[in-house]
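> Here is a sequence together with a model predicted from it:
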Amino acid sequence: GDSVIQMQGQVTLSENDFLFINCTYSTTGYPTLFWYVQYSGEGPQLLLQVTTANNKGSSRGFEATYDKGTTSFHLQKTSVQEIDSAVYYCAMRSDTNAYKVIFGKGTHLHVLP
Amino acid sequence: ETAVFQTPNYHVTQVGNEVSFNCKQTLGHDTMYWYKQDSKKLLKIMFSYNNKQLIVNETVPRRFSPQSSDKAHLNLRIKSVEPEDSAVYLCASGRQINQDTQYFGPGTRLLVL
């Protein structure tokens, strides 16, 4: 079945460090891929979204490239700030079951001042 | 203000009681969802509604029942709560059932003693 894998449960960085959060997906169909961010006390909100293979999405300094070859959608940011501390979810909607968005387990990012 | 609103913010109850959570969206969307987020921040879809009609009903216990009076409102009732129902319940909406971003409310935190 369709799935989204985020192996990193928690990432701790210092300000201005490089961020890389790993995400891989599995589907027999054509996916739309998302990154959502959830700040403390709030619901998740869309960070970026990519529908077309090999395209890159970007927002607020974050980037992710839909790599069809490696079935990956890793999230990167060159220089994190303390305000980026949040939970980041990789997610997928596949045309094999377009009514459902599948979320990864989430990665807690802690950025130390 | 256009957004997804949830009430209450927080609810404490005892095992066996009935609880109801409300969700309203003022975004003019056709689709609404309920998600359960556990203590480890794992997000699981429970129900999806499109134009007041149930589209997706994941495997949830029968004591959970969604109710939609119109496409802007989706409530969740839990008959006879259990300790494992302690979680954050997130409501979301989207323009169309099989496309587009989901917009989340702030969540209702349920604690079952």
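It's in.
> going forward, measure contacts between C-alpha atoms and count neighbours the same way
Noted.
> ok, the helix-or-strand element of chain B with minimal mean pLDDT: who's next to it in the sheet?
For chain B, scoring each helix and strand by mean pLDDT, DSSP states H and E identifies strand B:53-57 as the least confident one, at a mean of 82. Strand B:53-57 has its sheet partners listed here by DSSP bridges as strand B:43-50 (antiparallel).
> hmm, back to that, alpha carbons only: can I get the least confident helix or strand of chain B in CSV?
C-alpha atoms of strand B:53-57 as CSV (Å, rounded to 0.1, in the frame of the first residue of the first chain):
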residue,chain,number,x,y,z
GLN,B,53,-21.4,13.2,2.5
LEU,B,54,-19.0,10.7,4.2
ILE,B,55,-16.3,9.7,1.7
VAL,B,56,-13.6,8.1,3.8
ASN,B,57,-14.2,6.2,7.1
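> List the buried residues of it.
Buried positions in strand B:53-57, judged by neighbour count with 16 or more other Cα atoms under 10 Å in any protein chain shown: B:L54, B:I55, B:V56.
> For chain A, what lies in contact range of chain B?
A:41-46, A:98-106 (Cα under 8 Å from any Cα of the partner chain).
> Is it possible to mark the buried ones in those?
Taking 16+ other Cα under 10 Å as the criterion, what is buried in the residues of chain A next to chain B is A:43-46, A:98-106.
> Please identify which of the residues of chain A next to chain B is nearest to A:Q10.
The shortest approach to A:Q10 among the residues of chain A next to chain B belongs to A:G106, at 8.5 Å (Cα to Cα).
> hang on, the earlier thing: for the next helix or strand after the least confident helix or strand of chain B, which strands pair with it and how are they oriented?
Sequence order places strand B:64-70 as the next helix or strand after strand B:53-57, per DSSP states H and E. Looking at strand B:64-70 with DSSP bridges, its partner strands are strand B:73-78 (antiparallel).
> Format the CA atom coordinates belonging to the partner strand as CSV.
Coordinates of each C-alpha in strand B:73-78 appear next as CSV, following Å, rounded to 0.1, in the frame of the first residue of the first chain:
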residue,chain,number,x,y,z
HIS,B,73,-19.6,22.2,9.8
LEU,B,74,-18.3,18.8,10.8
ASN,B,75,-18.7,17.7,14.4
LEU,B,76,-17.3,14.6,16.1
ARG,B,77,-19.1,12.7,18.8
ILE,B,78,-17.5,10.0,21.0
